[in-house]
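sharing a sequence plus its predicted fold:
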Amino acid sequence: MNGSMLDWPLTLDRILVHAERWHPDQAVVGAAPDGTMARRTYAECADRARRLSAALVAHGIEPGDRVATLGWNTLPHFEAWYAIMGIGAVCHTLNLRMDAAQLAWIARDAGDRLLLVDPALLPVAEAMRALCPAIEGIIVLGAGTDALIAAHDPARWGGFGEDQPAGLCYTSGTTGDPKGVLYTHRSNFLHTLAIIQPDLFGIGAADSVLPIVPMFHANAWGIAFAAPAVGAKLVLPGARLDGASVHRLIAGEGVTMSAAVPTVWQGLLDHLDRVGGGLAPLRRVVIGGSACPPSMQRRLTDHYGIEVRHAWGMTELSPLGTVAAPSAASAALSPEEGGRLLQSQGRPPLGVDLKVVSDDPDAGPDTPGRLFARGYATVGRYFGRDTPATDAEGWFETGDVAVIDRHGFLHITDRDKDVVKSGGEWISSQGLEAIAAEHPAVAHCAVIAADCDRWGERPLLVVQLREGEDCSDASLLEPFDGTVPRWWVPDGIVRVDAMPLGATGKIDKRALRDAYRDHLRAS
Ligand code: ADP
């Protein structure tokens with residue numbers, strides 16, 4: 001027997017329709033290529049997106065067809081998302097930090113029919129299309145979409161099921177070929193309802209929300225859905241994500257909540273060190289994508305009064321897995337112990353289940369093991385693949401190594417492939433990075449496994465010092481004194497002028513390993 005409630009598919013067009021109906025005058029602002037701010041309301045965005053939908057339909061785009069976007073977080077990109085998804089087509093967000101050949105490989109794998117692109121990225125889009133002739137056309141976000149919007153009447157949205165695909169996002173391929181994750185309307189809709197909750201991102205109608213995390217990085221962690229869902233002001237930062245630009249946006253647009261990877265926050269903190277000033281009215285930031293060093297969390301909280309929510313997730317989880325928010329347990333502990341819980345990756349929301357599996361049958365609960373996840377927004381099968389991405393019970397192996405403590409907080413100790421395997425024992429590269437980041441002269445740091453004849457691998461510390469700072473190796477190793485077993489202490493230090501960053505703005509450890517794997521042997 002079925003229940004007898006109304007059939008009301010959870011489709012993503014309803015999110016912007018809701019904002020249009022109940023928060024019509026709320027602002028959506030976006031940095032234009034010339035640095036000025038373009039301003040619209042949710043009502044205007046919805047109307048424009050429907051007209052763009054009509055242009056896509058006129059081109060022959062049908063439900064299930066893939067339409068790619070290659071762009072920064074901008075107003076035209078935001079409108080394009082809803083225009084594509086509203087008619088049941090699939091919005092495939094391409095990562096603009098990839099080169100033309102990588103993009104073409106992904107576009108071919110995805111079967112993209114059209115490409116909507118930022119004007120500044122037109123050269124790479126043209127080069128990519130030359131390698132991918134199946135793409136029928138390129139539309140420039142801004143000039144091109146404006147012309148189409150002016151030429152069409154609004155289309156009708158919806159009328160399809162919630163299990164239809166809505167978005168496609170490829171993992172950046174740090175291991176093997178990139179793999180596509182095909183989100184459904186339902187998975188993204190429910191993910192939206194999850195992340196707005198107080199213990200997660202905690203977003204409300206009075207907020208001004210700045211997603212610095214790109215729309216091509218796992219849907220801007222869901223924020224381009226969450227802000228209209230609650231009627232918050234949405235501030236789209238465009239291409240300039242340096243500390244000074246982010247600082248200006250926060251003050252100028254009254255930003256109260258934001259989200260980005262640690263390297264972005266480091267840029268903002270360095271900028272504030274140089275020019276002074278505060279971060280008002282910002283009150284909460286979500287930091288994830290890679291581990292947030294406790295030293296960064298303390299600086300943001302103690303100096304600037306910002307509540308840091310450390311989050312863990314991945315493309316395959318839509319992306320949210322866990323968020324560290326205060327709980328009864330963290331409040332009841334000593335400030336130091338409670339603080340450690342809030343520095344962890346946190347707890348999963350309803351709808352995400354986690355387990356840690358150790359390969360050692362005698363391992364205690366505190367022994368790190370392989371982390372598995374499952375839930376309504378976890379990948380079941382990669383795009384175009386025949387075999388499931390999970391085991392028979394639906395568990396997806398994340399590739400991360402972790403401990404879940406007795407309070408239910410997740411502590412990621414490493415990515416499987418980043419663990420330093422020294423003489424048969426495992427050393428957590430992320431644990432060492434958190435300690436190295438305590439040194440006041442360190443701007444960015446990474447610990448990688450360097451080859452060693454005697455132990456197999458040994459930890460090597462790579463640092464980028466703050467501008468104008470200099471210090472000895474002995475000084476850089478001081479924070480390790482007494483905090484970790486002696487055999488964990490890095491065997492060498494490499495100084496770099498600029499850390500290599502990967503396609504999603506995180507430190508690219510693979511590039512560092514390629515460059516410095518032999519460093520300890522050579523020295
Ligand atoms: P990419 O492979 O392009 O980085 P994802 O953003 O999906 O794509 O990366 C997910 C991975 O990022 C996770 O499996 C984990 O290793 C790492 N990660 C994400 N958030 C955190 C965090 N808060 N702490 C440690 N690692 C994290």
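Thanks, I have it.

neighbours around the residue of the stretch 101-250 of the chain found nearest the ligand, how many?
Relative to the ligand, the nearest point of the stretch 101-250 of the chain is residue 172 (3.1 Å; CB to the nearest ligand atom). Any C-beta I mention is one placed from the backbone N, CA and C, and that applies to glycine too. Using other CB atoms under 10 Å, residue 172 has 20 neighbouring residues.

go on, residue 198?
Neighbours of residue 198 (other CB under 10 Å): 9.

do you know how far it is from residue 229?
Separation of residue 198 from residue 229 (CB to CB, to the nearest Å): 15 Å.

domains of the chain?
8-28+38-189, 352-373+382-415, 420-522 (automatic domain parsing).

end-to-end on the first one?
Looking back up the chat, that one is domain 8-28+38-189. Taking CA to CA, to the nearest Å as the measure, domain 8-28+38-189 stretches 12 Å from start to finish.

chain center to that domain, what's the gap?
Relative to its chain's centre, domain 8-28+38-189 lies at 18 Å (CA atoms, centre = their mean, to the nearest Å).

quick check: mean pLDDT of that domain?
Averaging pLDDT along domain 8-28+38-189 gives 97.

give the contact list for residue 253.
Residue 253 sits next to 29, 37, 208, 210, 233, 235 when contact means CB atoms under 8 Å, 6 or more residues apart in numbering.

for residue 334, state which of these is nearest.
residue 210 (33.9 Å; CB to CB).

related to what we said a few turns ago, which of the domains of the chain sits most buried?
Mean neighbour count (mean count of other CB atoms under 10 Å) peaks for domain 8-28+38-189 among the domains of the chain, with a mean of 20.

can you show me the helices along the stretch 251-400 of the chain?
With DSSP state H, counting those that start in this stretch as the criterion, the stretch 251-400 of the chain has helices at 262-275, 294-298, 304, 328-332, 335-343.

what's the closest of those to residue 407?
helix 328-332 (4.2 Å).

what mean pLDDT does the closest one get?
Rounded mean pLDDT across helix 328-332 is 94.

look up how far the ligand lies from the nearest residue to residue 61 once chain neighbours are set aside.
Of all residues not flanking residue 61 in the chain, residue 89 sits nearest, at 5.1 Å (CB to CB, 6 or more residues apart in numbering). Note on residue 89: its distance to the ligand, by CB to the nearest ligand atom, to the nearest Å, is 24 Å.

and if you look at residue 8?
Residue 8 is 31 Å from the ligand, by CB to the nearest ligand atom.

and that residue, what does it touch?
By CB under 8 Å, 6+ apart, residue 8 has no neighbours at all.

which phi and psi values does it adopt?
Dihedral pair for residue 8: phi -140, psi 80, per degrees, to the nearest 10.

CA atoms of the lengthiest helix in the chain as PDB?
Ordering each helix of the chain by length in residues (DSSP state H) puts helix 42-59 first. The C-alpha trace of helix 42-59 is given here as PDB (Å, rounded to 0.1, in the frame of the first residue of the first chain):
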ATOM      1  CA  TYR A  42      15.700  36.400  -6.900                       C
ATOM      2  CA  ALA A  43      12.600  37.300  -8.900                       C
ATOM      3  CA  GLU A  44      14.700  38.700 -11.700                       C
ATOM      4  CA  CYS A  45      17.100  35.700 -11.700                       C
ATOM      5  CA  ALA A  46      14.100  33.300 -11.900                       C
ATOM      6  CA  ASP A  47      12.600  35.200 -14.800                       C
ATOM      7  CA  ARG A  48      15.800  35.400 -16.700                       C
ATOM      8  CA  ALA A  49      16.700  31.700 -16.000                       C
ATOM      9  CA  ARG A  50      13.300  30.600 -17.400                       C
ATOM     10  CA  ARG A  51      13.900  32.600 -20.600                       C
ATOM     11  CA  LEU A  52      17.300  31.000 -20.900                       C
ATOM     12  CA  SER A  53      15.600  27.600 -20.500                       C
ATOM     13  CA  ALA A  54      13.400  28.500 -23.500                       C
ATOM     14  CA  ALA A  55      16.600  29.200 -25.600                       C
ATOM     15  CA  LEU A  56      18.000  25.800 -24.600                       C
ATOM     16  CA  VAL A  57      14.700  24.100 -25.600                       C
ATOM     17  CA  ALA A  58      14.700  26.000 -28.900                       C
ATOM     18  CA  HIS A  59      18.200  24.700 -29.500                       C
END
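
the helix or strand following that helix pairs with which strands, parallel or anti?
Downstream of helix 42-59, the first helix or strand assigned by DSSP states H and E is strand 66-70. Sheet pairing here is set by DSSP bridges, and for strand 66-70 it gives strand 90-93 (parallel), strand 112-117 (parallel).

as CSV, these with distance to residue 254 would be great.
Listed next are those as CSV, based on distance: least, CB to CB, whole Å:
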stretch, distance to residue 254
strand 90-93, 27
strand 112-117, 29
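
closest one to residue 370 among those strands?
Once those are compared by CB to CB, strand 90-93 is nearest, at 28.8 Å.

quick one: contacts of the next helix-or-strand element following the closest one?
Next along the chain after strand 90-93, taking DSSP H and E as the criterion, comes helix 100-110. Residues from elsewhere that reach helix 100-110, judged by CB under 8 Å, 6+ apart: 66, 68, 70, 92, 94-95, 98, 115, 124, 127-132, 134-135, 168, 170, 173, 177-178, 180, 383-384.

surely residue 430 touches residue 411?
No: at 9.4 Å, residue 430 and residue 411 do not qualify as touching, with contact defined as CB atoms under 8 Å.

and the residue nearest to residue 61, what does it touch?
56, 61-67.

can you pick out the most distant pair from these?
It's 56 and 64 that sit farthest apart of the contacts of residue 89, by CB to CB, at 12.8 Å.

can I assume the residue of the stretch 101-250 of the chain closest to the ligand is in contact with residue 501?
No: the criterion here is CB under 8 Å, and residue 172 misses it with residue 501 at 11.4 Å.

redo the helices of the stretch 251-400 of the chain as TSV? Include distance to the ligand.
Below are the helices of the stretch 251-400 of the chain laid out as TSV (distance: least, CB to the nearest ligand atom, whole Å):
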stretch	distance to the ligand
helix 262-275	8
helix 294-298	11
helix 304	20
helix 328-332	17
helix 335-343	10
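
tabulate these (a markdown table), appending mean neighbour count.
Output for the helices of the stretch 251-400 of the chain, formatted as a markdown table (neighbours: other CB atoms under 10 Å):
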| stretch | mean neighbour count |
| --- | --- |
| helix 262-275 | 19 |
| helix 294-298 | 19 |
| helix 304 | 17 |
| helix 328-332 | 13 |
| helix 335-343 | 16 |
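
which one, of these, ends up nearest to residue 514?
Of all the helices of the stretch 251-400 of the chain, helix 262-275 comes closest under CB to CB, at 19.4 Å.

what is the mean pLDDT for the closest one?
On average, helix 262-275 scores 95.

distance from the chain centre to that helix, please.
19 Å.

just checking, what packs against it?
helix 243-252, strand 284-287, helix 294-298, strand 442-452 (3 or more CB pairs under 8 Å, 6 or more residues apart in numbering; DSSP states H and E).

got the contact list for the residue lying closest to residue 353 once chain neighbours are set aside?
Using CB to CB, 6+ apart and skipping residues adjacent in sequence, the residue nearest residue 353 is residue 374, 5.2 Å away. Each residue near residue 374 by CB under 8 Å, 6+ apart is listed here: 352-353, 390, 393-396.
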